[in-house]
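[1] Model the structure of this input:
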Amino acid sequence: MWLNDLYHALNPVAVQLGPIVIRWYGLAYLAGFLLGGVAIWRTSRRWGLDLTPDDVMSVVVSIAVGIIVGARLGYVLFYGGGHYLKNPVEIPMLSEGGMSFHGGLVGAIVGGSLACWRLHLSIATMCDLAATGAPIGLFFGRCANFVNGELWGKPTGLPWGVMFSDTGGGMVYRHPSQLYEAILEGLVIFLVLTLLSRRAPARPQGTFIGVFLVLYGCLRFMVEFVRMPDEQLGYLAGTGWLTMGQCLSVPLVLLGAGILVISHRMCRPQIGRLV
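    Numbering: from 1, shown residues only. This next block holds a predicted model:
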């Protein structure tokens, strides 16, 4: 199985110089933030918004801090299974792994909103812009999950199955669910939002963050059916199929749908700087 051979040829450590270790996971985050910022800038130019490169950089940095803090706290709260209540000193240990998209989303909104407030930028428009760049970060992040051999899927007999035996997956071929998510949450959503963003004038405020939330929630819910649940939680409510990821994704779909309805009723144009 060619994908299995590729996985076992990869090293989670990209560069090691003595005590300095640079992992692909960290580089994936860096690439996601940088390229996401480029996507935001290009879209803002296409929409004719009065944003400067410094504006975009300041917002992206704030979003990055919010994502890292929010994703870690989200994992601790939703996926920790009580472990961090007994071991609070481990909460800031990012090197040990454990990041939640849903927590990162909340952190990104909070961090980005604070930057917009400071710079007098439209929070609604910046949410739409950030939504166009977010799938890039998701793509790189999920690829890094694959390299790390984490968040693998259920057993499969498909020709692209991967044996994650070195990270606890056992001697069985499994769905590379990380790559499914990279394609669906990353590439598919990015293409949809890019196509939507090319209309002039730009679609009303709320369109892009609404579409992003609906698509992400639906696609994540689907992938969870072939992804193993977190070991410390298992399936919820004795269902044998419902995961925490699915529970957290349903509100995103409802929220995104609500934003789309409201945004198209209000039909407010995209604006950059507040006056």
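[2] Find the centremost residue of the protein, please.
    For the chain, the residue nearest the mean C-alpha position is Leu138 (4.1 Å; C-alpha atoms, centre = their mean).
[3] low-confidence ranges in the stretch 1-150 of the chain?
    81, 94-97 (pLDDT under 70).
[4] which stretches of it form strands?
    Per DSSP state E, counting those that start in this stretch, the stretch 1-150 of the chain carries strands over the ranges 13-17, 20-23.
[5] what sits up against the last one?
    Taking C-beta atoms under 8 Å, 6 or more residues apart in numbering as the criterion, the residues outside strand 20-23 that touch it are Pro12, Val13, Ala14, Val15, Gln16, Asn148. Bear in mind the C-beta positions are built from the backbone N, C-alpha and C, glycine included.
[6] Turn these into CSV, including neighbour count and distance to Cys116.
    Output for these, formatted as CSV (neighbours: other C-beta atoms under 10 Å; distance: C-beta to C-beta, whole Å):
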residue, neighbour count, distance to Cys116
Pro12, 14, 35
Val13, 12, 37
Ala14, 14, 33
Val15, 10, 35
Gln16, 11, 39
Asn148, 19, 33
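[7] Closest to Trp160 out of the residues you listed?
    Nearest to Trp160 among those is Asn148, at 18.3 Å by C-beta to C-beta.
[8] Please list all residues in contact with that closest one.
    By C-beta under 8 Å, 6+ apart, Asn148 lies in contact with Pro12, Arg23, Trp24, Tyr25, Gly97, Thr167.
[9] What of Ala200?
    Arg46, Trp47.
[10] tell me the SS of it?
    Secondary structure, DSSP: H, G, I helix; E, B strand; the rest coil: Ala200 is coil.
[11] How much space separates it from Leu49?
    Shown here: Ala200 relative to Leu49, a distance of 12 Å by C-beta to C-beta, to the nearest Å.
[12] got a winner among the contacts of Asn148 for most neighbours?
    Counting neighbours by other C-beta atoms under 10 Å, the top entry in these is Tyr25, with 23 neighbours.
[13] ok, that residue - contacts?
    Pro12, Ala144, Asn145, Val147, Asn148.
[14] where's the residue nearest to Met171 when sequence neighbours are not counted relative to Leu158, distance?
    Excluding its sequence neighbours, the residue lying closest to Met171 (C-beta to C-beta, 6 or more residues apart in numbering) is Ser165, at 5.4 Å. Per C-beta to C-beta, Ser165 is found 17 Å from Leu158.
[15] So if I had to pick from these two, which one is more boxed in?
    Taking other C-beta under 10 Å, Ser165 and Leu158 do not tie; Ser165 has more neighbours (15 against 11).
[16] I'd guessed the more buried one sits against Trp152; true?
    No - contact criterion C-beta atoms under 8 Å: Ser165 and Trp152 do not qualify, at 10.4 Å.
[17] count of neighbours near the closest residue to Gly98 other than its chain neighbours?
    Distances taken as C-beta to C-beta, 6+ apart place Tyr75 nearest to Gly98, at 4.3 Å, with adjacent residues excluded. Look at Tyr75: counted by other C-beta under 10 Å, it has 21 neighbours.
[18] residues in contact with Tyr75?
    Gly98, Met99, Ser100, Gly103.
[19] which residues touch the residue lying closest to Gly70 once chain neighbours are set aside?
    In this structure, Gly70 finds its nearest non-sequential neighbour in Gly107, 1.9 Å apart by C-beta to C-beta, 6+ apart. Contacts for Gly107 (C-beta under 8 Å, 6+ apart) come out as Val65, Gly66, Ile67, Ile68, Val69, Gly70, Ala71, Leu73, Gly74.
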